[in-house]
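Participant: Okay, predicted coordinates and the sequence, questions at the end:
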Amino acid sequence: MKKLLITALLLALARPSSAQNIGINANGAAPSASALLDIDVSALPAAAKRGLLIPRIALTSTIVAAPVVAPAASLLVYNTATAGVAPNNVVPGFYYWNGAAWTQMLAGVQGWTTLGNAGTTPTTNFLGTTDPQDFVIRTNNLERFRVLGANGRIGWGTVAPVAPIEVNSGALADAIYGHSTNVGGWLGRETNITFGIPLQNVLGAGVYANNPTAGYTSIFSQSSGAATVAASINYSDVWISSYNYVQNASALFNPPGTYSQLNVTNAALNGDQVALRSYSGRGITAGNPGFTIGSSATADAQNQDAIGVEGVAYSNTSTRAGGYFESFNFAGVSQAYAYVGTTVGGIARKITGTAAVAEIVPTENHGRIMLTCPESPEYWYQDYGTVQLVNGQAHVDLDPILKDIIMVNAEYPVRVFCTPVDMADFNGVAQMNRTATGFDLVELNGGAHSGTIDYQLIVKPKTGFGEGRFPQAPGPAWLKKEFEPAKARAANQPDPSKIFYWPGDPEAYGYDIDKVTPVGRRVPSGKNAGKFKVAEGVFMDHFPATKPSNGK
């Protein structure tokens, strides 16, 4: 066989110089017309197939032609040496002369195939560039994304990303959509967003999240560990920084539009611990064109009872109030303060505060006038009536309702002030036989006039009975009891345990407070006192993030 191949090669070489191509094979077939050299081993036995052996040369550098002298462009060799200095060094492999230097074929690596690649090493095998040129991916011959060669930034829809990853979908499409099976969201949302009644429309959003599946939230922000900044910050210099909207069509649940909760677990923490705080600052800006309001609430219901602001406090201390209000001048001097719905000092009152209580009356002929309430060192009830004096005598029975809510004893009798009507020579009247149910009026000096007597009663209420005169008053809410100045201490320090209190409304009238408390409100008393009624039969010490089921 070897002799046959040699003979065929010699015959081919011996052909006249006018031959157009050469064929080397074992069956004498003519070479392909398109090839100058056609080597065909198909006729060789299966165990005797042979290949083409390219000349083996030890190169020294890609820019040194030697040991080849004046190589022609496209000359192919196999380099056997590892030599030279980067970037002109050479390693074993196929090289061709490009007219000025040796160029390694496939840069010494295998090409990436469309069927996948095996045996790769991440540190040496990769898709990309080894120079500062951008790396671009296209489909349909259109650029889809690129990696900048200068800094590695990745851009979709942009050739100049300004961040490690930038996606620019233009004005007609959403940019990035990420989702799991149950929840998802967009970055760069260009699709219109509609909500509410009446319908509101937002053209798009930088971040849009949607959670149609139970048990998931759209957005959750958290600061923990060594964090020193709020978990969520909203900022605007054009309109509202945070807008919350609940559309509630449920007949079972009353979710609030906004819910804030603060849990304090450190017993040593002092100061104001506020679940929801707002601040409106105008500072020293000149002029008085409007109103600076720290907080505003509105309840709008044509056919339902409405309360604009509600405050509830639960505490076993002597200072508790449903609300506290105080005003200062801009120098920080308190002008007046008031506790509302309070047991400050252990004494229950609807309003306790500095300055007077007044009524405003808009009169037509005298302008808007103010009437101020009288004040007293202790609590009294007043009642008024008229009685007919017959032959100098009359009897007055106390109103049965009034009789049940007052204290009458030797220290606090029924006090009466009388005025005769149309009896100019009347001798005056004495109060006689006063009891807890009534009293007699007798004309002085044996007088026997008959006519009308107007009277005023001053009686001691059961409410707060035992408090005494000039009881200790509270300071402003920000002044803790332990910092109270000695000069502010009153002589009368009432003992709350010795003061009369009426029973709570549910106890007085025997209704089920858990049943009548509306869904969404805190239960005022009973076994679930202080808990939110979040659904019928469901009571929790906080408003849950997840909508509860009835009875669960």
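Facilitator: Arrived safely, thanks for sending. Numbering: from 1, shown residues only.
Participant: average pLDDT across the longest strand anywhere in the chain?
Facilitator: As assigned by DSSP state E, the longest strand anywhere in the chain is strand 451-461. Mean pLDDT, strand 451-461: 96.
Participant: Can you point out the buried residues in that strand?
Facilitator: Using 16 or more other CB atoms under 10 Å as the test for burial, strand 451-461 gives 453, 455, 457, 459-461. Every residue, glycine included, has its C-beta placed from N, CA and C.
Participant: Convert the C-alpha atoms of the next helix or strand after that strand to CSV, please.
Facilitator: Scanning forward in sequence from strand 451-461 by DSSP states H and E, the next helix or strand is helix 505-509. Extracted C-alpha coordinates of helix 505-509, given in CSV (Å, rounded to 0.1, in the frame of the first residue of the first chain):
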residue,chain,number,x,y,z
ASP,A,505,-71.4,51.7,80.4
PRO,A,506,-71.4,47.9,79.6
GLU,A,507,-71.4,47.0,83.3
ALA,A,508,-74.2,49.5,84.1
TYR,A,509,-76.5,48.3,81.4
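Participant: Distance to A473 added to the buried residues of strand 451-461, as CSV?
Facilitator: Formatted as CSV, the buried residues of strand 451-461 follow (distance: CB to CB, whole Å):
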residue, distance to A473
I453, 38
Y455, 33
L457, 27
V459, 24
K460, 20
P461, 19
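Participant: just those residues now: which is nearest V274?
Facilitator: Of all the buried residues of strand 451-461, V274 sits closest to P461, with 35.5 Å by CB to CB.
Participant: With V207 as the reference, measure out to the residue nearest to the spatial centre of the chain.
Facilitator: In the chain, the C-alpha closest to the average C-alpha coordinate belongs to S232, at a distance of 6.2 Å (CA atoms, centre = their mean). Counting by CB to CB, to the nearest Å, the gap from S232 to V207 is 12 Å.
Participant: re earlier: wait, isn't the residue nearest to the centre of the chain in contact with S221?
Facilitator: Yes. If you go by CB atoms under 8 Å, S232 and S221 touch, sitting 4.1 Å apart.
Participant: Remind me what the helix or strand harbouring D440 packs against, helices and strands.
Facilitator: D440 belongs to strand 438-443 when assigned by DSSP H and E. Contacts defined by 3 or more CB pairs under 8 Å, 6 or more residues apart in numbering; DSSP states H and E place strand 438-443 against strand 381-389, strand 393-397, strand 415-421, strand 429-432.
Participant: so which of the ones you listed gets nearest Q493?
Facilitator: Of all the helices and strands packed on strand 438-443, strand 381-389 sits nearest to Q493, with 24.7 Å by CB to CB.
Participant: buried ones in the closest one?
Facilitator: Across strand 381-389, burial judged by 16+ other CB under 10 Å covers L389.
Participant: State the mean pLDDT of it.
Facilitator: On average, the pLDDT along strand 381-389 is 96.
Participant: That strand versus strand 438-443: what angle between them?
Facilitator: Per axes from the mean of the first three to the mean of the last three CA atoms, to 10 degrees, the angle that strand 381-389 makes with strand 438-443 is 50 degrees.
Participant: switch to numbering from 630
Facilitator: Sure, I'll start counting at 630 from here, so that last one is strand 1010-1018.
Participant: ok, residues contacting strand 1010-1018?
Facilitator: 1023-1025, 1028, 1031, 1034-1035, 1049, 1058, 1070, 1072, 1078-1090 (CB atoms under 8 Å, 6 or more residues apart in numbering).
Participant: do the same with stretch 866-877
Facilitator: Residues from elsewhere that reach stretch 866-877 (CB under 8 Å, 6+ apart): 824-826, 863-864, 883-887.
Participant: any chance of the helices and strands packed on strand 1067-1072 in a markdown table, with distance to L777 too?
Facilitator: Conversion of these to a markdown table gives the following (distance: least, CB to CB, whole Å):
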| stretch | distance to L777 |
| --- | --- |
| strand 1010-1018 | 85 |
| strand 1022-1026 | 99 |
| strand 1044-1050 | 94 |
| strand 1058-1061 | 102 |
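Participant: Looking at the ones you listed, which is nearest to S925?
Facilitator: Among these, the nearest to S925 by CB to CB is strand 1010-1018 (36.9 Å).
Participant: Indicate each strand paired with the closest one and its parallel or antiparallel sense.
Facilitator: strand 1080-1090 (antiparallel) (DSSP bridges).
Participant: I'd like the distance from the partner strand to the chain centre, please.
Facilitator: Relative to its chain's centre, strand 1080-1090 lies at 60 Å (CA atoms, centre = their mean, to the nearest Å).
Participant: Tell me what angle it forms with strand 1044-1050.
Facilitator: Using the same axes, to 10 degrees: strand 1080-1090 against strand 1044-1050 is 160 degrees.
Participant: Tell me what angle strand 1080-1090 forms with strand 1022-1026.
Facilitator: Orientation of strand 1080-1090 against strand 1022-1026 (the same axes, to 10 degrees) gives an angle of 40 degrees.
Participant: CA atoms of strand 1080-1090 as PDB?
Facilitator: Taking C-alpha atoms only, strand 1080-1090 is exported to PDB below (Å, rounded to 0.1, in the frame of the first residue of the first chain):
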ATOM      1  CA  GLY A1080     -97.000  83.300  95.600                       C
ATOM      2  CA  THR A1081     -94.200  82.100  93.400                       C
ATOM      3  CA  ILE A1082     -90.700  81.300  94.600                       C
ATOM      4  CA  ASP A1083     -87.900  80.600  92.100                       C
ATOM      5  CA  TYR A1084     -85.000  78.600  93.600                       C
ATOM      6  CA  GLN A1085     -81.500  77.300  92.700                       C
ATOM      7  CA  LEU A1086     -80.100  74.100  94.200                       C
ATOM      8  CA  ILE A1087     -76.400  73.500  94.800                       C
ATOM      9  CA  VAL A1088     -75.700  69.800  95.500                       C
ATOM     10  CA  LYS A1089     -72.700  67.500  95.700                       C
ATOM     11  CA  PRO A1090     -72.400  64.900  92.800                       C
END
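Participant: Thanks again, I'm all set now.
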